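>>> coords please:
(2 chains)
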Protein chains: 2
Amino acid sequence: MLKWQILDQLKKNPESYLSGEKLSRKFSVSRTAVNKAIKSLRDEGYKIAAFTNRGYKLISSPDILSEYEIKSRLSSKILGKEIVVYDSLPSTNITAKQLAEEGLPEGTVVLAREQKGGRGRLSRSFYSPMDMGVWMTVLLRPRIRAEEAPIFTIMAAVAVNNAIEKLCGIRPTIKWPNDIFLDGKKVCGILTEMSMEAETRTVYHIVIGIGINVNNRSFPEEIENIATSLNMFTKNPPGKSELAAEVLNQLDNLCAGRYYDKKKGDLISRYRSDLNMLGKKVKLIRGSKESAVTALDIDENGCLIVQHNDKSISVVNSGEVSIKVPGGYI
Amino acid sequence: MLKWQILDQLKKNPESYLSGEKLSRKFSVSRTAVNKAIKSLRDEGYKIAAFTNRGYKLISSPDILSEYEIKSRLSSKILGKEIVVYDSLPSTNITAKQLAEEGLPEGTVVLAREQKGGRGRLSRSFYSPMDMGVWMTVLLRPRIRAEEAPIFTIMAAVAVNNAIEKLCGIRPTIKWPNDIFLDGKKVCGILTEMSMEAETRTVYHIVIGIGINVNNRSFPEEIENIATSLNMFTKNPPGKSELAAEVLNQLDNLCAGRYYDKKKGDLISRYRSDLNMLGKKVKLIRGSKESAVTALDIDENGCLIVQHNDKSISVVNSGEVSIKVPGGYI
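Numbers count the residues shown, from 1 in each chain, chains lettered A, B, ... in the order given. Predicted coordinates for the structure are as follows:
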């Protein structure tokens, strides 16, 4: 599309002016078409200066989620081949699952500027207001059995931590199994869902929903003590498209090589070292029963190994229990 | 809708004539509206005789899948609350899954006059040409864990057999786990799929696809030796809506009582007695390996118990193996 080609040129020449005439010659279009493209870019929030006899210069880009801004930063092999950005959705996971049924390819990414019905594990709601964060779902079609799916949550958690560390210089911690924390408050949630055949347990597709609070300056009362955003932690939070692209690059890297077989040991080590509760007392919640246990370690499948008060040890998977970590629970 | 109200009246009075004037008074509408409704019914294939000074009389109803024709025969508690009939779909299962994501309620039934991309287990194709059968998917939202889902295939198989026995006077057999046979040929296939959370293994919804060959007089060469239809077995096959409704009534009955807990023993007994391979030699296919075994029984979960040549016994679930039954395999 012409406007993205022109934007490319403007970005490649941040110091000089590009004349409308030069642009119209370069892309073999009329001057009117160039003017229209510039107007359209300005409408999307790009600040473009225009000086008579000199031409156009990009002053600043808006902090928006857009296909162009994400794709121009991707180095991924699989993820982001198709990127669909919506203004508003009930939930990016739901739309991704519907697109998956329509046959959209592995690596499709669905984003929304806001989610009106964002959800987390166990159907909890996930607060995702307009333009405040990266609300994104990745579609994968791995040839796995249902039992293996939780590894994708682990991959996503490590990918988010890698991305935030790279762009913000701080590495968050992980509250097992699927929440990302900064200073005891949740900055990101992950929800992995899948569609499968009941008899053979063949997985058709997996969707990994990732919600990262970026620009929020405040939260609703119910969650203000347990939620945080990158903006509250760093003076210059990354742009949302920049962050989305970096998460996709990191996740793609972890997925590469028939997903995870080769690097599973490394992945689990990295995940383990990010966990924020090992060695600590946590509250184990199984149905209506709660007990205080010590979180010892995770095993090679990402299950949590805990020690009970009577010193007995058990392995729990996230399907069976929730845990409360002192200082933070969502 | 007026036309269904008028059709109800015509069906309730099969021997007498109903005047247009009487109908217009009964439903407080104009004579023109009555005429329009009669025309619309005729367009859908209802044969309605009209005699001057006497009125209308229903001569015959078309053999079509329609919400009206199905609903008017339902005695179900859960199934069929919402019925959606399409002319053509890629697959009723796919559409049902998409509608499920949009929040349609438990008991929603999706039907199509034809499927262009009907599928069976292991992504095999399922032949479903225009107006030749009941191509139907039922949406359920049971509170179960993924492991329990195969019981729904068993329920559907027994429901189909009950319905065919009631309407045709013949009881088909079942080729474990999900095919319905008449005289060694497949007359119906069942495909159960589900959507779930990866971590907690919470099932969001299950869709049960049921495809019954009803009116086919022939099949494509590739399947003509292994496929059959009700029409090939009985002079008066049931109408497609009649059959769809009866399957829904039967399945609803099996689902009732928080699905299956109470009646699981009865259900498995009924399923067992319908199996067409117990005591017989069957071919067990596990990946690329084939071995001849004797099918002994099924266990309480619907897994197949087989005896190998060395007399050892093992229990197989349909996720691991396929089997070939002499005289029929699809």
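
>>> could you give the bridge partners of A:Thr192?
A:Thr192 has these beta-bridge partners by DSSP bridges: A:Ile208.

>>> what about stretch A:216-229, how long is it end to end?
Using C-alpha to C-alpha, to the nearest Å, the end-to-end distance of stretch A:216-229 comes out at 6 Å.

>>> where exactly do the strands run in the stretch 201-330 of chain A?
Remark: strands assigned in the stretch 201-330 of chain A by DSSP state E, counting those that start in this stretch are A:203-213, A:281-286, A:289-298, A:304-307, A:313-316, A:322-324.

>>> with the stretch 1-150 of chain A instead?
Shown for the stretch 1-150 of chain A, the strands assigned by DSSP E, counting those that start in this stretch span residues A:47-51, A:55-60, A:83-89, A:109-115, A:133-140.

>>> distance to chain B, mean neighbour count and mean pLDDT added to those strands, as CSV?
(Each C-beta comes from the backbone N, C-alpha and C, glycine too.) CSV is the format used below for those (distance: least, C-beta to the nearest C-beta, whole Å; neighbours: other C-beta atoms under 10 Å in any protein chain shown; pLDDT from 0 to 100):
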stretch, distance to chain B, mean neighbour count, mean pLDDT
strand A:47-51, 39, 13, 92
strand A:55-60, 38, 16, 94
strand A:83-89, 12, 17, 97
strand A:109-115, 12, 24, 97
strand A:133-140, 11, 28, 97
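
>>> export these to TSV and tack on distance to B:Leu18?
Output for these, formatted as TSV (distance: least, C-beta to C-beta, whole Å):
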stretch	distance to B:Leu18
strand A:47-51	73
strand A:55-60	75
strand A:83-89	51
strand A:109-115	54
strand A:133-140	56
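
>>> with respect to burial, which of the strands of the stretch 201-330 of chain A scores highest?
Ranked by mean neighbour count, these are led by strand A:203-213 with a mean of 25 (mean count of other C-beta atoms under 10 Å in any protein chain shown).

>>> ok and that one relative to strand A:109-115, angle-wise?
Angle between the axes of strand A:203-213 and strand A:109-115 is 40 degrees (criterion: axes from the mean of the first three to the mean of the last three C-alpha atoms, to 10 degrees).

>>> any idea of the mean pLDDT for strand A:203-213?
The average pLDDT within strand A:203-213 is 96.

>>> what angle do it and strand A:133-140 make?
Going by the same axes, to 10 degrees, strand A:203-213 makes 170 degrees with strand A:133-140.

>>> could you say what helices and strands strand A:203-213 packs with?
Strand A:203-213 sits against helix A:92-101, strand A:133-140, helix A:150-168, strand A:185-197, helix A:240-255, with contacts defined as 3 or more C-beta pairs under 8 Å, 6 or more residues apart in numbering or on different chains; DSSP states H and E.

>>> distance between it and the chain's centre?
The chain centroid and the centroid of strand A:203-213 are separated by 9 Å, computed with C-alpha atoms, centre = their mean, to the nearest Å.

>>> ok, stretch A:244-255 next?
Stretch A:244-255 sits 9 Å away from the centroid of its parent chain (C-alpha atoms, centre = their mean).

>>> residues of the stretch 151-300 of chain A that sit close to chain B?
Contact residues (C-beta under 8 Å from any C-beta of the partner chain) of the stretch 151-300 of chain A with chain B: A:152-153, A:177-178, A:191-202, A:204, A:206.

>>> 10 Å instead?
For the stretch 151-300 of chain A, the contact set with chain B under C-beta under 10 Å from any C-beta of the partner chain comprises A:151-153, A:177-178, A:190-208.

>>> filter the residues you listed down to the buried ones.
A:151-153, A:177-178, A:190-208 (16 or more other C-beta atoms under 10 Å in any protein chain shown).

>>> which residues of chain A score low on pLDDT?
Low-confidence segments of chain A (pLDDT under 70): A:122, A:257-263, A:319-330.

>>> circling back to that earlier point, closest to B:Ser16 out of the strands of the stretch 201-330 of chain A?
Nearest to B:Ser16, of all the strands of the stretch 201-330 of chain A, is strand A:203-213, at 54.4 Å by C-beta to C-beta.

>>> between that closest one and helix A:150-168, how many degrees?
Angle of strand A:203-213 versus helix A:150-168, following the same axes, to 10 degrees, is 30 degrees.

>>> how near is A:Pro150 to chain B?
6 Å (C-beta to the nearest C-beta, to the nearest Å).

>>> surely that residue touches A:Asn301?
Yes - at 7.2 Å, A:Pro150 counts as touching A:Asn301 under the criterion of C-beta atoms under 10 Å.

>>> with neighbour numbers in mind, choose between those two.
Legend: neighbour count by other C-beta atoms under 10 Å in any protein chain shown for A:Pro150 and A:Asn301, higher for A:Pro150 (22 against 14).

>>> so how far is A:Arg270 from that one?
Going from A:Pro150 to A:Arg270 by C-beta to C-beta, to the nearest Å gives 16 Å.

>>> one step back: closest one to B:Val29 among the helices and strands packed on strand A:203-213?
helix A:92-101 (40.0 Å).

>>> mind giving me the packing neighbours of that closest one?
strand A:83-89, strand A:109-115, strand A:133-140, strand A:185-197, strand A:203-213, helix B:92-101 (3 or more C-beta pairs under 10 Å, 6 or more residues apart in numbering or on different chains; DSSP states H and E).

>>> out of the strands of the stretch 1-150 of chain A, which comes closest to B:Asp266?
strand A:133-140 (41.1 Å).

>>> tell me the angle that closest one makes with helix A:240-255.
Going by the same axes, to 10 degrees, strand A:133-140 makes 30 degrees with helix A:240-255.

>>> strand A:133-140 pairs with which strands?
Counting by DSSP bridges, the strands paired with strand A:133-140 are strand A:109-115 (antiparallel), strand A:203-213 (antiparallel).

>>> restrict the last one to CA atoms and write it as CSV.
Backbone C-alpha positions of strand A:203-213 (Å, rounded to 0.1, in the frame of the first residue of the first chain) are rendered in CSV as follows:
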residue,chain,number,x,y,z
VAL,A,203,-5.0,-30.8,18.9
TYR,A,204,-6.3,-28.7,16.0
HIS,A,205,-5.0,-25.4,17.2
ILE,A,206,-3.7,-23.5,20.2
VAL,A,207,-4.3,-19.9,20.9
ILE,A,208,-2.0,-18.0,23.4
GLY,A,209,-3.5,-14.9,24.7
ILE,A,210,-1.1,-12.3,26.1
GLY,A,211,-2.2,-9.1,27.8
ILE,A,212,0.5,-6.6,28.9
ASN,A,213,-0.4,-3.5,30.8
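
>>> alright, I will stop here.
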